[in-house]
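1. Got a sequence here, can you model it:
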Amino acid sequence: MDRGLRLTQIVIGFLCVALVASLFLFGMVGGGAPPDQEPTVAPTSEGPREVADGERLPGELARPLSDIDRFDVDETLNPDRQLAHEPAGEPQVEFAEPLADLRAYAEQGVDWKACGETFLCARVLAPLDWEDPSRAAVELALLMNPSADATNGPLFVNPGGPGAGGSDFAASFPADHWPGFDIVGWDPRGTGASTHVVCGTLEQTDALMDLDATPDDDAEDQALQDGFRDFAQQCRDSSGELLDHISSVEVARDMDLLRHLLGADEFNFFGVSYGTYIGAMYAELFPDTSGRLVLDGAVEITDEDSIYQIEGFERAFANWADWCEEQDVCVLTGQPSADLQQEISDWIGSLDASPLAVGDRMLTQTHAATGIAMFLYGDESVYRALAMTIQEAMRGEGATLLNAADQLNGRGGGAYDTLAYAFPAMHCVDWPDLGVDVVPELAEDGFARAPMLGRHMGISYVCETWTAEPAPPYRLTAEGADPILVVGTTGDSATPYEQAERMAAQLEPAVLLTYDGPGHGAVTGNNPCVAEIVGGYLADGTLPEEGARCT
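-> Below is the predicted model:
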């Protein structure tokens with residue numbers, strides 16, 4: 001069975017791949033850029049240069065999409081998607097007035113304004129439909145963390161998701177973290193402060209999240225399917241045709257436009273998790289302008305037998321339990337790792353029939369597993385806190401664990417972040433699915449590989465019941481692009497290490513750097529070996545030797 005098909009079948013815990021959520025939890029990212037102020041800093045990157053007649057315009061494809069190799073797929077895909085559903089009333093999402101053509105988009109100015117003492121923010125326009133640019137436009141929000149001397153121009157960054165915004169991610173780095181680069185984050189179409197996906201109300205989304213995602217009988221399974229069908233319709237009703245123009249192909253075309261508007265001849269990029277996919281997509285579509293790409297925590301891009309995401313969380317859970325067995329500072333120490341995992345797994349399972357009350361809400365089986373997974377995005381620095389949180393919950397105090405689940409699900413401040421809605425909207429249009437009937441079978445296969453934690457995360461029918469068609473499953477090779485650095489972490493919880501190996505093998509110009517350690521992604525950690533290699537590559541293109549490892 002094709003890789004992409006498996007991946008869309010089980011979106012474990014519904015929203016479990018956003019690095020930004022973990023950054024919020026561990027205090028690395030603030031809650032958004034401050035309001036516009038009078039500029040106290042100025043961008044050092046140049047503005048756009050004129051595009052000569054006959055030269056490829058930014059965002060214009062170097063070759064037709066039909067010329068890109070695709071994986072073989074069954075013609076009977078996506079049988080249960082609600083493609084005939086029309087919005088009930090006027091969608092909430094409003095588009096900007098379009099520009100005349102692709103040249104007009106390329107010639108627009110970038111009006112930077114200070115947003116804080118050290119950052120600059122701007123908004124630019126991109127075509128809603130790149131094949132019909134004069135019909136409507138989306139707004140893209142940018143944040144620049146400027147260098148004192150940006151001799152290398154902009155370095156674009158994306159934290160993953162899909163659906164996580166890049167503006168806060170760019171702001172999280174120290175000034176001149178990579179000397180010579182202006183660090184630029186943008187909220188991709190559908191996310192954050194850009195033209196973004198809108199779905200249901202807080203109450204409607206809570207109702208979906210609170211459904212039993214580990215159905216024990218046909219009635220529970222049908223209720224789960226119905227919940228996802230309703231959710232998909234709510235998203236279409238509120239977002240309209242934005243849902244049809246939110247794939248990674250369109251995001252990559254936006255990226256090329258941003259490259260041009262910031263005056264860069266090459267697109268230099270650091271992407272994590274889903275960010276590795278849009279980075280690879282950019283190199284595929286625009287090899288002539290693909291510069292230095294660091295792809296950290298790779299998602300699966302091959303059609304090989306899938307490594308389930310829950311396998312990564314299962315390994316990370318076991319690694320945490322091993323640590324707990326050996327460390328006196330772990331409040332749950334005193335028993336073998338296997339016994340501790342079983343005890344916690346049994347407790348999580350008990351929440352299926354008897355969820356734990358937390359104020360006027362309930363800590364369900366899936367919420368508990370998702371909350372634990374949230375901590376497992378981190379490294380050993382969060383292990384002690386995870387042990388204390390689990391101990392509290394097992395004693396009847398589940399607020400901290402539920403809050404962790406909320407963070408990963410994009411819930412906070414009495415509302416759901418755009419991440420909660422952009423994630424399925426973007427994820428479900430990048431790969432096809434096999435339909436609702438196949439989900440339980442694939443779930444059992446995945447749960448057999450992840451029996452302690454993964455099986456409690458539950459199943460999802462979000463893509464199977466979505467209202468937009470997916471893009472074809474492209475086989476990305478990045479032929480003709482400059483050398484690419486792929487970074488894989490052996491203990492990665494959200495993107496198993498095998499996926500980094502496969503990405504590096506399939507992308508023709510890629511070299512793999514391995515970090516032996518825990519956590520989701522390695523580049524934003526504190527490993528000096530990784531920092532030195534990545535910094536050297538970004539500075540002058542120096543790649544590590546084949547088989548390079550950091551510990």
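
2. where's the longest helix along the chain relative to the chain centroid, distance-wise?
-> Ordering each helix of the chain by length in residues (DSSP state H) puts helix 218-239 first. Mean-position distance between helix 218-239 and its chain equals 22 Å (Cα atoms, centre = their mean, to the nearest Å).

3. can you pull the buried residues of that helix?
-> 221, 224-225, 227-229, 231-239 (16 or more other Cβ atoms under 10 Å). From N, CA and C alone the C-beta is placed, and that goes for glycine too.

4. likewise stretch 415-427?
-> For stretch 415-427, by 16+ other Cβ under 10 Å, it's 416-427.

5. Return the member of those residues nearest to residue 293.
-> residue 426 (19.6 Å; Cβ to Cβ).

6. Counting neighbours, what do you get for the closest residue to the closest one other than its chain neighbours?
-> Nearest residue to residue 426 in three dimensions, chain neighbours excluded: residue 162, at 3.8 Å (Cβ to Cβ, 6 or more residues apart in numbering). Residue 162 is flanked by 30 other residues according to other Cβ atoms under 10 Å.

7. Next up, the contacts around residue 162.
-> 17, 188, 248, 274, 277, 422-423, 426-427, 430 (Cβ atoms under 8 Å, 6 or more residues apart in numbering).

8. please redo it, this time with the cut-off set to 10 Å
-> 17-18, 188, 190-191, 246-248, 251, 273-275, 277-278, 299, 419, 422-430 (Cβ atoms under 10 Å, 6 or more residues apart in numbering).

9. Do a quick rundown of the strands in the stretch 401-550 of the chain.
-> Here the stretch 401-550 of the chain has its strands, by DSSP state E, counting those that start in this stretch, at 411-412, 415-416, 484-491, 510-518, 549-550.

10. Deepest in the core, which of these is it.
-> Neighbour counts (mean count of other Cβ atoms under 10 Å) averaged over each of the strands of the stretch 401-550 of the chain peak at strand 484-491, with a mean of 26.

11. what packs against that one?
-> Strand 484-491 sits against strand 267-272, helix 274-285, strand 290-296, helix 309-326, helix 497-506, strand 510-518, helix 528-540, strand 549-550, with contacts defined as 3 or more Cβ pairs under 10 Å, 6 or more residues apart in numbering; DSSP states H and E.

12. Show me what the second one is packed against.
-> Which is helix 274-285. For helix 274-285, the elements it packs on are strand 153-158, helix 248-261, strand 267-272, strand 290-296, helix 418-427, strand 484-491, helix 497-506, judged by 3+ Cβ pairs under 10 Å, 6+ apart.

13. what's the answer for the third one, then?
-> Packing partners of strand 290-296 (3+ Cβ pairs under 10 Å, 6+ apart): strand 153-158, helix 248-261, strand 267-272, helix 274-285, strand 484-491, helix 497-506, strand 510-518, helix 528-540.

14. cool, and the first one?
-> For strand 267-272, the elements it packs on are strand 153-158, helix 167-171, strand 181-187, helix 248-261, helix 274-285, strand 290-296, strand 484-491, helix 528-540, judged by 3+ Cβ pairs under 10 Å, 6+ apart.

15. Quick one: distance of stretch 386-400 to the chain centre.
-> 28 Å.

16. any chance of the buried residues of stretch 415-427 in JSON lines, plus pLDDT and distance to residue 128?
-> Compiled in JSON lines, the buried residues of stretch 415-427 are given as follows (pLDDT from 0 to 100; distance: Cβ to Cβ, whole Å):
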{"residue": "416", "pLDDT": "96", "distance to residue 128": "24"}
{"residue": "417", "pLDDT": "94", "distance to residue 128": "22"}
{"residue": "418", "pLDDT": "94", "distance to residue 128": "17"}
{"residue": "419", "pLDDT": "92", "distance to residue 128": "21"}
{"residue": "420", "pLDDT": "94", "distance to residue 128": "22"}
{"residue": "421", "pLDDT": "97", "distance to residue 128": "17"}
{"residue": "422", "pLDDT": "96", "distance to residue 128": "16"}
{"residue": "423", "pLDDT": "94", "distance to residue 128": "20"}
{"residue": "424", "pLDDT": "95", "distance to residue 128": "19"}
{"residue": "425", "pLDDT": "97", "distance to residue 128": "14"}
{"residue": "426", "pLDDT": "96", "distance to residue 128": "15"}
{"residue": "427", "pLDDT": "94", "distance to residue 128": "20"}
